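**Q** coords please:
(chains A and B)
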2 protein chains.
Amino acid sequence: MSEVAVRFLPDDVEVWVPAGSTLLEAAVLCGVLISAPCGGMGRCGRCRVCVEEGAPDPTEDERRLLGAGDLASGHRLACKAKVDRDCRVRVHVDRAGIVVQAGGDMPPVGLAPAVRRCMVDVAPPSLSDLRPAAERVRGALPPECSVSEWDLAALRELPGALSDGGRVAVTTVGMRGVSASVGTTGDADGPLCAAACDLGTTTCVVSISDVLTGELLSVASGANGQAAWGDDVVSRIAAADGSKAARDRLREAALSTVNALLGRAADEAKVGRDDIYEMVMVGNTAMHHLFLGIPAGGLSRAPYVRAVGSALEVAAAEVGVKIHPAGRVVWLPTIGAFVGADTVAVGIACGMGAPGGLRLAVDIGTNGELLLGDGHTLLACSCAAGPALEGGHLSCGMVASAGAVQHVRLTEDGPQLEIIGDGPAGRKAKGLCGSAVIDLVAEMLRLGILDETGRMVAPPDLPEALRAALVEADDGRRFALTADGSVYLSQRDVREVQLALAAMSAGVRILLAELGAGPEDIETVYLAGAFGSFVDVDSALRCGLIPGVSREKVRSVGNAAGAGARMASLSVPVRESCHALAEHVRYVELAGRSDFQSVFAESMIFRPAV
Amino acid sequence: MSEVAVRFLPDDVEVWVPAGSTLLEAAVLCGVLISAPCGGMGRCGRCRVCVEEGAPDPTEDERRLLGAGDLASGHRLACKAKVDRDCRVRVHVDRAGIVVQAGGDMPPVGLAPAVRRCMVDVAPPSLSDLRPAAERVRGALPPECSVSEWDLAALRELPGALSDGGRVAVTTVGMRGVSASVGTTGDADGPLCAAACDLGTTTCVVSISDVLTGELLSVASGANGQAAWGDDVVSRIAAADGSKAARDRLREAALSTVNALLGRAADEAKVGRDDIYEMVMVGNTAMHHLFLGIPAGGLSRAPYVRAVGSALEVAAAEVGVKIHPAGRVVWLPTIGAFVGADTVAVGIACGMGAPGGLRLAVDIGTNGELLLGDGHTLLACSCAAGPALEGGHLSCGMVASAGAVQHVRLTEDGPQLEIIGDGPAGRKAKGLCGSAVIDLVAEMLRLGILDETGRMVAPPDLPEALRAALVEADDGRRFALTADGSVYLSQRDVREVQLALAAMSAGVRILLAELGAGPEDIETVYLAGAFGSFVDVDSALRCGLIPGVSREKVRSVGNAAGAGARMASLSVPVRESCHALAEHVRYVELAGRSDFQSVFAESMIFRPAV
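**A** Residues are numbered from 1 along each chain as shown, chains lettered A, B, ... in the order given. So this is what the prediction gives:
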């Protein structure tokens, strides 16, 4: 079969593929990221690209989803367009505008990292001390750097068996000696780092910390490269199922994302990849299995079991993570098929393992997970919230990047929008991210534009500017946020949000019931995840996210999963607490409960906040 | 620089190299084995090949070492001839004739291998048992197969988290689960093997055993591919010193040898490489460092220290050993810079760690090592015997392959030769291997053709047929074994042998003195190594190898190092005994002793055997 060259802009990356390949396949091959939320089914139209040269004839799907003008100017769907000649393709990426998620409000951690370095003076051998170099070095090490086993890489560094003695810089990860370099050259004085990675279904966040000072050096985030296989874990698991090759593709896509972010974070931190000796990873259980190349089929079939649950430590080289060649990758333990290491990390970052009053941690990402407990008892559940609270699967939903409406207030003058990347010259709204959706639903509830069943209505006293925003379209009512009606929330969108909120609040109710407690017993609610970072807490409460809880009890804690991973990368005791928490927590399977359907139905009703 | 094609026969392997490369460099590149005992210095002439087409002009060294006729017919020295055009080179190998060293007389070993396999029935998950697959499997394992850690490879095998339950074949190496396959397909019923490798300076021996029965399935031996860098450890260490690239070349040469022998042995055993889950390795300390890619410079410079001494276990994949991808390579511990894991293995195979009478183990390979002890005290030393006792560095010395004289008796009718590969049609003698050299020296001593100082003389009563064999040459006297005088022992050769024997017997004397014992206190002498397998014990004693010990105390134990390695591959307790022996043994540095020179000088005198 003949091959053609596909060049992707603005990255300027070229790849050769067999004629007949889709542009999405070509993009995956060379690591160019194109989001395909529907999993390449030609349904969502999100993977639109512009083929500036060599555009193939449009397919039926493309004719349906793209306008004639767009087709004429070379726009195609990456998942459908099959290349038949050399071509040049422009991908629409607005990377500069992606909001970097912070490392979260991390509670103070006593620095006790697994990665350590010691400088020791090793005497030359003599007739009275003919011990091998490795043993002379080991004998000179202080207890905090003690070594039970040497990596081959470290042994290969020892020059001439240290015949002349000298100062040796020994780097250890746990009890493993991974590097032993002589003199002040090399990495003796270099930075010593650990990374933390929160591999989310949608977004991946990598941070690099200096293990000598605990300082956070840099954070990089970007879209999970598995997006080409769908934007929810079920699509990803299905895409990986069936063959080792399929599994490898998903594994490699996530790996490329992690490695690219590691590179960006290292550049920003002005350290080398080789200065990073360990990476602590968290993510949901599907990400855990898919990243490690472990069959994930059991996670999406009843009775929903994991292949492996305990924490895993592997050689970075074995899984392809590009840090120091002798570095280690540590996955924190998972709790269940639907409650992953990210939830363990949230629990640790929020101090859920410590005794105290009743506390609730709510982590909303592409799915929602809850932890409820008082340090003595700890319950966890997963809520099938779907991506709606992140803006996913909505008519005008988008990730929190430039052009996204981030916050909305409805006034007599009409909708007032806060847009990401808005400057003095103003910026056109492109869509709604999750926090804007919650704001809008809350405002519509406040003004009676949504009734308690979630139906869009026009109350008699609605100001004219807002009444004008309520428009009728073929698929039902919409509430338009822009004058041209291009950014809006549809009745169907409201239902998606309503279902997601109901899933979360039903989870909260059931966990409380399990403990025989009520919402008034909750001392503190931690709102975590991208959602927790950006959402307006008043809006969230008004939408009924956590029914019966008053505003002053709620704390936004940002990316608590990433923060927990970072804490674990800086402290072995924290890591042990993660194991203890994962062992201790009791998983509550909502779907398995007889009362779930009625609690869920009840949660569908919007009620006024406390 | 232009490249030329070099084709090697009879292997019919072609390689492209830059013009100006030597034939030896080309041969190394494509894995063709050419022995170059002098390390490519153009001194020994042993790397002679025939360039059948495209022969370059001969160099000065080649003119000096090769005759005009040979040069005209295309003979060249591989280490000197630089290719300047495409050429075809015939290498003289007589592989079929190489004598396979046996696995040694192995004492009985209780089967307790590190490699095990268990079949377990794992119930499907249920709502009351949602444990991850790996934990359900672990829980079902019997104690002898218990797993503390799973290899990623094993986790990747578990299909769909064992949602349907089923029969699982779990293979473990130590406490590590390396494979978990479902059903009776795959390797559930397959062979389960471990390999043992004795990586000698000259010869490498690999054996494969069935760990379920303990049966020895096959043995393969061949020349160590590092021969191109010299035939003693000092040349090899020098060749590896200086750069990582140089170290990698030596490492890869040994690795290729081991992998090729593993392949041959697996073929012969009718098992796959993937059926072998572990390989136990022994060899001298230089081989240990060079094989693992650890800098070996400290081994050849005073005060002669190792980079590492303890036993090392590494992933087979990490060091490139081609067995099961999740298999392990275990090097037994070394004792000192000159006393390696091979001596530990000899000690174990001869039971030197067990209490009993005073015993001496003599392992003669390219170097000689001694172990002396009663189980309570155990001493080791290394004797700088050099390769003379293997036939190396002698005018007509050769390895024990077809055409080598293996045994010699001197009778009134002249020398009576026993030649390897001799058939009814007779076979022309090509050279002398070690056992023939010892026979000949012993016979010459018996008949007075050698006096006690090692000088060749013609005693008055010497039969005429033998007197005729004593000939004068430019470089001194020779004793010819063939009518045409092509195979002979020179006066210089006798000196080499005398030095080697003196080094060994001086070692024995000093170890005995160290224990305050005499030769009469020795209960048993174990003769190990290739030498021990083929040498005539009476001849060895007559030459004074172990002065003062009578014939009935001596036992030949063959390749005891390989046997010890095999024992360790079949028994974890044996492996632990190896560690204990290596810890317990006291290394006696001969060169560091004030009395060594006088004992050595005294040992140079040939004395009648007891």
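
**Q** flag the shaky bits of the stretch 401-550 of chain A, pLDDT-wise.
**A** Within the stretch 401-550 of chain A, the segments meeting pLDDT under 70 span A:423-426.

**Q** quick one: the helix or strand hosting A:Glu602 to chain centroid distance?
**A** Here A:Glu602, judged by DSSP states H and E, is contained in helix A:596-603. Per C-alpha atoms, centre = their mean, to the nearest Å, the displacement of helix A:596-603 from the mean C-alpha position of its chain is 29 Å.

**Q** so which elements touch that helix?
**A** Applying 3 or more C-beta pairs under 8 Å, 6 or more residues apart in numbering or on different chains; DSSP states H and E, we find helix A:596-603 packed against helix A:491-514. Yep, even glycine has a C-beta here, placed from its N, CA and C like the rest.

**Q** can I get the CA coordinates of the helix holding A:Glu602 in CSV?
**A** Taking Å, rounded to 0.1, in the frame of the first residue of the first chain, the C-alpha atoms of helix A:596-603 are listed here in CSV:
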residue,chain,number,x,y,z
PHE,A,596,-30.7,4.1,45.5
GLN,A,597,-33.4,4.6,42.8
SER,A,598,-35.8,6.4,45.2
VAL,A,599,-33.1,8.6,46.7
PHE,A,600,-31.8,9.4,43.2
ALA,A,601,-35.3,10.3,42.0
GLU,A,602,-35.8,12.5,45.1
SER,A,603,-32.5,14.2,44.4
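
**Q** pLDDT of it, averaged?
**A** For helix A:596-603, mean pLDDT rounds to 90.

**Q** now do stretch A:569-577
**A** On average, stretch A:569-577 scores 90.

**Q** contacts for that stretch?
**A** Contacts made with stretch A:569-577 from outside it, assessed by C-beta atoms under 8 Å, 6 or more residues apart in numbering or on different chains, are listed as A:109-114, A:174, A:194-196, A:209, A:211, A:214, A:278-280, A:311, A:330, A:332, A:348, A:353, A:567-568.

**Q** would you mind checking these for buried ones?
**A** The neighbour-count test (16 or more other C-beta atoms under 10 Å in any protein chain shown) marks A:109, A:113-114, A:174, A:194-196, A:209, A:211, A:214, A:278-280, A:311, A:330, A:332, A:348, A:353, A:567-568 as buried among the contacts of stretch A:569-577.

**Q** could you list the low-pLDDT ranges of the stretch 1-150 of chain A?
**A** Scanning the stretch 1-150 of chain A for pLDDT under 70 picks out A:1, A:28-41, A:43-46, A:92-108.

**Q** just the helices in it please.
**A** Applying DSSP state H, counting those that start in this stretch to the stretch 1-150 of chain A gives helices spanning A:23-29, A:60-65, A:68-72, A:133-140.

**Q** equivalent analysis for the stretch 501-610 of chain A, please.
**A** With DSSP H, counting those that start in this stretch as the criterion, the stretch 501-610 of chain A has helices at A:529-534, A:537-542, A:560-570, A:572-584, A:596-603.

**Q** A:Gly548 and A:Pro519 touch, don't they?
**A** Yes - counting by C-beta atoms under 8 Å, A:Pro519 is a contact partner of A:Gly548 at 3.0 Å.

**Q** residues in contact with A:Leu216?
**A** A:Leu216 neighbours (C-beta under 8 Å, 6+ apart): A:Gly103, A:Ser207, A:Ile208, A:Ser209, A:Arg566.

**Q** and the pLDDT at it?
**A** For A:Leu216, the model assigns a pLDDT of 87.

**Q** so which residue of the stretch 451-600 of chain A comes closest to chain B?
**A** Nearest residue of the stretch 451-600 of chain A to chain B, counting by C-beta to the nearest C-beta: A:Gly592, 6.2 Å away.

**Q** mind listing what that residue touches?
**A** Per C-beta under 8 Å, 6+ apart, neighbours of A:Gly592: B:Leu127.

**Q** again, but for A:Val173
**A** By C-beta under 8 Å, 6+ apart, the contact set of A:Val173 is A:Ala114, A:Val115, A:Tyr277, A:Glu278, A:Ala326, A:Gly327, A:Arg328.

**Q** again, 7 Å this time
**A** With contact taken as C-beta atoms under 7 Å, 6 or more residues apart in numbering or on different chains, A:Val173 is in contact with A:Ala114, A:Val115, A:Tyr277, A:Glu278, A:Arg328.

**Q** one more: A:Ser310?
**A** If a contact means C-beta under 7 Å, 6+ apart, then A:Ser310 has A:Pro333 as its contacts.

**Q** and what of the one 3 residues further on?
**A** Neighbouring residues of A:Glu313 by C-beta under 7 Å, 6+ apart: A:Arg328, A:Val330.

**Q** ditto for A:Leu450
**A** Neighbour list for A:Leu450: A:Val441, A:Met444, A:Met456, A:Val494, A:Phe606 [criterion: C-beta under 7 Å, 6+ apart].

**Q** apart from its neighbours in sequence, what residue is nearest the residue in the stretch 251-400 of chain A positioned nearest to chain B?
**A** Closest to chain B within the stretch 251-400 of chain A is A:Gly298: 2.5 Å, counting by C-beta to the nearest C-beta. Spatial nearest neighbour of A:Gly298, excluding adjacent residues (C-beta to C-beta, 6 or more residues apart in numbering or on different chains): B:Ala161 at 2.5 Å.
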